[in-house]
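Q: After the sequence you'll find the predicted model.
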Amino acid sequence: MHGHTWKVEAAVTGSELDESDLLMDFHDLRKILREVVESFDHNCLNDLEAFRELSPTSENIASFIYRGLLIKLRELPHRATLAWVSVAESPETMVVYREEG
């Protein structure tokens, strides 16, 4: 067993700006991203419910975060759509997860 310090990024897309000329306030995106990943911090991922039957690979972590962000984005008033989530274990290794459709 070993630990990682991941870098997680999320991108939103859209074609219509709000009355403040924003697609989405980055403060809101950071806040919900923190909410989705807060259970990961200083925990063994194998002990978390999300990874009891699923290996905590970067790909599965990115997928989990993507789906969590989708749920939370629906709760906010904005015009943005989630484009992708990336998870990097190091500057040389990164996975990008997105869903088509």
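A: Received the coordinates, thanks. Numbers count the residues shown, from 1 in each chain.
Q: Only C-alpha atoms from now on, for both contacts and neighbour counts.
A: Will do.
Q: And stretch 21-37, what's buried?
A: Leu23, Met24, Leu29, Ile32, Leu33, Val36 (16 or more other Cα atoms under 10 Å).
Q: Which helix or strand contains the fifth one?
A: Yep, that's Leu33 we're talking about. Element membership of Leu33, judged by DSSP states H and E, is helix 26-37.
Q: tell me what that helix is packed against?
A: helix 58-73 (3 or more Cα pairs under 8 Å, 6 or more residues apart in numbering; DSSP states H and E).
Q: Looking at the buried residues of stretch 21-37, which is nearest Arg98?
A: Leu33 (15.4 Å; Cα to Cα).
Q: residues contacting the closest one?
A: Ile65, Leu69 (Cα atoms under 8 Å, 6 or more residues apart in numbering).
Q: what sits against the residue nearest to the spatial centre of the chain?
A: The centroid of the chain falls nearest to Ile65 when counting by Cα atoms, centre = their mean (3.8 Å). Ile65 makes contact with Leu33, Val36, Val37, Val85 under the criterion Cα under 8 Å, 6+ apart.
Q: let's see it at 7 Å
A: Val36, Val37 (Cα atoms under 7 Å, 6 or more residues apart in numbering).
Q: Send me stretch 90-101 as CSV with only the CA atoms.
A: Listed next in CSV are the C-alpha coordinates belonging to stretch 90-101 (Å, rounded to 0.1, in the frame of the first residue of the first chain):
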residue,chain,number,x,y,z
SER,A,90,2.6,13.1,-11.2
PRO,A,91,3.5,15.7,-13.8
GLU,A,92,4.1,12.8,-16.3
THR,A,93,1.0,10.7,-15.6
MET,A,94,-2.5,11.8,-16.1
VAL,A,95,-5.9,10.4,-17.2
VAL,A,96,-8.8,12.4,-18.6
TYR,A,97,-12.3,11.1,-18.1
ARG,A,98,-15.3,12.3,-20.0
GLU,A,99,-18.7,10.8,-21.1
GLU,A,100,-20.0,11.1,-24.6
GLY,A,101,-23.6,12.1,-25.3
